[in-house]
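S.K.: okay, structure incoming, though there's no sequence with it:
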């Protein structure tokens, strides 16, 4: 019985492979020889010939009303892609390097699109160009990757890469100490000393490129009153929270965006802690005896919030002590919490934070304080308009006064209280070379050599949700994808600066609204197909074009494509 | 040893010759003869005292944050002057918790909650469970079928899992957790009660009451219930122990008492990650839970033996 089933399965697999091969074959066979010939023969003629044979596809919105920032993505040559934008985007390179925009092979995108959503093959075994390929994902336990022998860049040091996870920092450290894993993410704040005191371990402090904020949804009373929000902003001792609950390297947030990012800290710093003034203001706003509310949070440790429950309890105690506000603590399941908070339906305080996806001020401010984001209730035009204006200026100095104005308007309106930029850390066995603690939390493991061992084991906080990261937002998922899939640009190891990856370069025109990317040649995907401009077009069609049959993901929301670029042909709501 | 035995024999002899001794008195005496039960009662008495006198015994309030008040750090080790801690440092018998509060004070206040949890859930379960069991046993027929099959359904779930499901449905919180544990423990009492009623209801004195024109309620509450009480007491005492344990488990999972309530289970759960760096924060609440559950188990075992006529001569 079993054998029969297996035979049937393998037959099906073979059939589907044959189908996929037939679909993709003409293009692949035609291009491959030319690409390899190109350097040998006379260069200009070869590329011209290739260009004439190559049938470039394109994704083009009818007009700028039916799309977001990207108007079109066009394969203008076999190895050239032109992005046409509806508005100048100074952060284009920072954004395009984000792993969510990793490039998938066109045929594979079509094959795994599925009826309702991406097929499980598509969600669990993505095909990319990266240094590692997924070999097995045993749900709930671990993910095993094997090295990609045809990787175009520096070959991976370890043949096998394993991802494991544990939500408990004590458990992670124990595994590291016993040598069953080579590196762990998010060392518990109380374990920093233990790790740095142990000569067999190496501690890497991750720069604080994140923000923890105490949010209030202003569509619910009494948070609809700006004076109440301002009083609360003055009545919370943020220094005390950072001193007591954050690891070394953390700092009190003076602005929403961490100051390491250009233009982040223009404008006045946040309110000083002043309980008397806060109480007086709250009384003047009509609440001399405080009020009752709730504090919502999810019990999930992130770099911006290393001790969730303790911070929540301290805020609860502070609200009671300084403002006589009775806040009941409500712990929610992570998914439900994110859903409710981003829809703006939590009727009290909530604790949430943000880690930088790409190191640009727009990633912090535009995401949270755009007019369309309901997570704090109604956004004020005093800053949404300035932010939209500032997002069109590439020059840092030129945009500075606008960001000062926007930061001051946010400070005035108090949609939330920025509390801390939390430092965090990774710990590595001392014999591992090139240990990382990326400010963007996107450690890449092909550059680390685990002391000559064949297997490198990484332990993080949680299991990836899926590995089709075009439609994921969770950092734990993205890190897994970053080993497999590459985008046109990438971030430096351990840094925030961008460097070319699948593109050799992307050059803007003078008005910053057209970017021409020259692609790397001779790159192959894990399934052997050759990377070309059509794969880029197909990937962006999959992510951006809501009307495309390729637009299938895990949840189908494509949050990052939507927030950073804006979806094309969005169905009317 | 022999001295003691003769004393008891004398006492017994006196009891037999001088006045009649009720079943309760015999049970009571037998209970005191069991050393483990006495230890259990001693612990329980101490816990009750702590619970009642917590505001006077505790040096701090359970929710008093000591940041800026004293020079202490979060999760500082216990400082006991008697054991060599510097005199200048403020004394904290069980250390400082993750939110810079005095752990010792929180432990003392926690006794209130645990005892309250134990008694209230079991009281609730006994009231509902015995009523249902008595109805089922006394009236029989389809009453019996409906009630007891429903109890079977409740029993079919692992109790903690069912409690988690109920709390998830009602929303986390101490009251909801109590309700959930109460509901989960109903079947045990319903079964015990039904079994007792079934044996007692055919007794001659019940028939006599019925012949004299006693109403169903009279028979049930005045004749049958008092005679079915002993197994309930034993079951109830042991039930308190498991109720406390269940409540601690729910709080540990974040479904029971919500912060800053000093519930032992939630204190344990909140600091579970610090088991190596700050063991005192995990050890003490765990120890208190263990002690309380042990006390009730010892008393329960003692009571069972004391009430069991078959063991009368064994001791």
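M.R.: Received, thanks. Every value quoted in this text rests on a predicted model; they were computed, and no experiment measured them.
S.K.: pLDDT weak spots in the chain?
M.R.: Picked chain A for this. Within chain A, the stretches with pLDDT under 70 are A:1-52, A:572-573.
S.K.: my question was about chain B
M.R.: Judged by pLDDT under 70, the stretches of chain B that qualify are B:1-19, B:309, B:311-315.
S.K.: got the domain ranges for it?
M.R.: B:7-35, B:37-310 (automatic domain parsing).
S.K.: make CSV from the ones you listed and add distance to chain A and mean neighbour count to it.
M.R.: All C-beta atoms are positioned from the backbone trio N, CA, C, and that covers glycine. Converted to CSV, these look like this (distance: least, Cβ to the nearest Cβ, whole Å; neighbours: other Cβ atoms under 10 Å in any protein chain shown):
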stretch, distance to chain A, mean neighbour count
domain B:7-35, 40, 12
domain B:37-310, 5, 19
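S.K.: closest to residue A:320 out of those?
M.R.: Closest approach to residue A:320 among the domains of chain B (Cβ to Cβ): domain B:37-310, 8.1 Å.
S.K.: how distant is that closest one from the center of its chain?
M.R.: Relative to its chain's centre, domain B:37-310 lies at 4 Å (Cα atoms, centre = their mean, to the nearest Å).
S.K.: go on, stretch A:245-260?
M.R.: So, by Cα atoms, centre = their mean, the centroid of stretch A:245-260 is 19 Å from its chain's centroid.
S.K.: nearest residue to the most centrally placed residue in chain B other than its sequence neighbours?
M.R.: Centroid-nearest residue in chain B, with Cα atoms, centre = their mean: residue B:240, separated by 2.3 Å. Take residue B:240 and drop its neighbours on the chain: the residue closest to it by Cβ to Cβ, 6 or more residues apart in numbering or on different chains is residue B:118, 3.9 Å away.
S.K.: residue B:193 now?
M.R.: Of all residues not flanking residue B:193 in the chain, residue B:133 sits nearest, at 2.9 Å (Cβ to Cβ, 6+ apart).
S.K.: quickly find the element holding that neighbour.
M.R.: Assigned by DSSP states H and E, residue B:133 falls within helix B:103-139.
S.K.: helices or strands next to that helix in the packing?
M.R.: helix B:35-57, helix B:141-156, helix B:174-200, helix B:229-252, helix B:264-270, helix B:279-307 (3 or more Cβ pairs under 8 Å, 6 or more residues apart in numbering or on different chains; DSSP states H and E).
S.K.: who does the fourth one touch, helix- and strand-wise?
M.R.: Right, helix B:229-252. On a contact count with 3+ Cβ pairs under 8 Å, 6+ apart, helix B:229-252 meets helix B:103-139, helix B:159-170, helix B:174-200, helix B:264-270, helix B:279-307.
S.K.: got a list of contacts for the second one?
M.R.: For helix B:159-170, the surrounding residues in contact (Cβ atoms under 8 Å, 6 or more residues apart in numbering or on different chains) are B:154, B:157, B:173, B:176-177, B:179-181, B:183-185, B:242, B:246, B:249-250, B:253, B:255-256.
S.K.: ok, now which ones touch residue B:27?
M.R.: Contacts of residue B:27 by Cβ under 8 Å, 6+ apart are B:230, B:303, B:306, B:307.
S.K.: and the residues you listed, which is closest to residue A:465?
M.R.: When the contacts of residue B:27 are compared for distance to residue A:465 (Cβ to Cβ), residue B:303 wins out at 52.3 Å.
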